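[1] Build me a structure from this.
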Amino acid sequence: MGKYDYHSPQRKGAIRLKLEELPKIYDLSASDPRSELIDRSAQSHEELQRIDRIMAEMGRLRAVERKISLASQQYMQLNETDMRAVRFLISAKNTGSFVTPSALAKHLKISTASVTKMIDKMEKAGHVVRTAHPTDRRSLCVEVTNGAHIAAREQVGRHHAARFGAAARLSQAEQETVIRFLAETAHDVEASIASVREPGVPAA
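    So this is what the prediction gives:
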C-alpha cells in the first residue's frame with residue numbers, strides 16, 4: 001500500500017454530520033421503569049422531565065462524538081487505536097514534546113510489540129515517521145506527519161473545537177454549574193464502577 005493521499009477528491013468533505021433527534025433510550029421510564037436502580041420518589045414530575053432531558057442531551061452529544069470518531073477513522077483509513085495515537089502525537093507536537101514508542105504504548109495501554117506493528121503500518125501509509133531522539137541516541141521518537149496533522153485538524157479538530165462556542169456563550173455562573181455537574185457526574189460514575197465486584201469476590 002502506498003502513502004495515503006489526504007487530498008484526493010473522494011477524501012474532501014468526507015465528514016458531514018447531521019444533528020439527530022434526542023435518543024429515547026436514556027429516559028428513566030425506559031431505562032429504569034420500576035425505580036430499581038434510582039430512587040426518584042423525592043423528585044417531582046417536572047424535575048424528572050428536566051433530568052430526562054439532560055440525560056438525553058448527553059446521549060446525543062456522545063452519539064455525535066462517536067459519529068465524528070467513526071467518520072475520522074474512515075477518512076484517514078485508521079482504526080480507533082490508530083486515531084488515539086495520532087491525537088496523542090499531535091498533542092505532543094503542539095507542546096514540543098517527544099514521544100518514544102514505549103511512551104506511546106503506555107498511553108495506549110498496549111504492548112510494545114503491538115505499538116511497533118502499529119507504527120510500521122502507519123509509517124508505511126505516511127501518517128507517522130520515526131526520528132532520532134534529540135537527547136538519547138539509543139532511542140527513537142515517533143512524530144505525526146504534516147499531512148496527517150493537517151487532515152486530523154481540518155476534518156476532526158474543527159468539529160471538536162466547535163464545543164468552545166457553547167461553553168463561551170455561558171455566563172460565569174452557568175460555566176461553574178456545568179463544570180460542577182460534569183465533575184460530579186464523572187466522580188459518581190467512577191464510584192459506581194469501583195463498587196461493582198465480580199460475583200463471589202468479597203469486599204476488601
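
[2] Would you tell me which helix is longest in the chain?
    Scanning the chain for the helix with the most residues, using DSSP state H, yields helix 45-76.

[3] Show me what the helix or strand hosting His107 is packed against.
    For His107, the element it lies in under DSSP states H and E is helix 101-108. Using 3 or more C-beta pairs under 8 Å, 6 or more residues apart in numbering; DSSP states H and E, the elements in contact with helix 101-108 are helix 80-95, helix 112-124, strand 140-144. All C-beta spots, glycine's among them, are computed from the backbone N, C-alpha and C.

[4] Extract the CA atoms of the second one and return them as CSV.
    Coordinates of the C-alpha atoms in helix 112-124 are reproduced here as CSV (Å, rounded to 0.1, in the frame of the first residue of the first chain):
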residue,chain,number,x,y,z
THR,A,112,5.4,-2.5,22.8
ALA,A,113,5.2,-5.3,20.2
SER,A,114,1.7,-4.1,19.2
VAL,A,115,2.9,-0.5,19.1
THR,A,116,5.8,-1.5,16.8
LYS,A,117,3.4,-3.2,14.4
MET,A,118,1.1,-0.1,14.5
ILE,A,119,4.0,2.3,13.9
ASP,A,120,5.2,0.2,11.0
LYS,A,121,1.7,0.2,9.4
MET,A,122,1.2,4.0,9.9
GLU,A,123,4.7,4.9,8.7
LYS,A,124,4.2,2.9,5.5
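
[5] Please consider this matter closed, and thank you.
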